[in-house]
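*Asks:* using only what follows, build the 3D model:
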Amino acid sequence: MMAKANTRRLPGECCELGEGPSYERATDTAWWLDIVGRKLIEHRFRAGVTIAHDLPRMASLVARIDDERQLIAMDDGLYQRRRADGALSLLVPLEAGNAATRSNDGRVHPSGRLWIGTMGRKAENMPVRSTGPTA
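*Replies:* Next up, the predicted model:
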């Protein structure tokens, strides 16, 4: 007999282009992004509160760094976000020489390694480039 899972429905927060859902066990919070709407959305389960944070540019991934900071993949780079006030600081640009691309969905592996992709800003196919070692 299979155990029944305890599930909860997230609020009907409307996203034009939702992406990057994640769950933060330490704070019992779900996070996701509205790429086109330029919002970081958090849902705090214990309090039953949903908060939408405005962002200055499109973003596709949010990941916990620690209790005070998050990593956000925005259209032009990886940023550190302070939770207390939402202040952003650029850590590293993404494809800085290619204005036709933006960040796309990604994930953090349980080991802590980050995977992030890029795509065309207009959802067009972009040539595949390899930056890793070749055989």
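*Asks:* so for the residue nearest to the spatial centre of the chain, what's the pLDDT?
*Replies:* Central residue of the chain (CA atoms, centre = their mean): Leu61, 1.4 Å from the mean position. Looking at Leu61, its pLDDT reads 91.
*Asks:* which residue ranges of this protein form strands?
*Replies:* Counting by DSSP state E, residue ranges of the strands within the chain are 18-24, 29-34, 39-44, 49-54, 59-64, 69-74, 77-82, 88-93, 101-108, 114-120.
*Asks:* now the ones you listed in a markdown table, with distance to Met2?
*Replies:* Where you see a C-beta, it was placed from the backbone N, CA and C, and this is true even at glycine. Shown next, in a markdown table, are the strands of the chain (distance: least, CB to CB, whole Å):
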| stretch | distance to Met2 |
| --- | --- |
| strand 18-24 | 22 |
| strand 29-34 | 24 |
| strand 39-44 | 27 |
| strand 49-54 | 31 |
| strand 59-64 | 31 |
| strand 69-74 | 35 |
| strand 77-82 | 39 |
| strand 88-93 | 43 |
| strand 101-108 | 27 |
| strand 114-120 | 31 |
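*Asks:* distance of the residue nearest to the centre of the chain from Asp75?
*Replies:* For Leu61, the distance to Asp75 (CB to CB, to the nearest Å) stands at 11 Å.
*Asks:* now for those two: what residues contact both?
*Replies:* Taking CB atoms under 8 Å, 6 or more residues apart in numbering as the criterion, Leu61 and Asp75 both touch Ser103.
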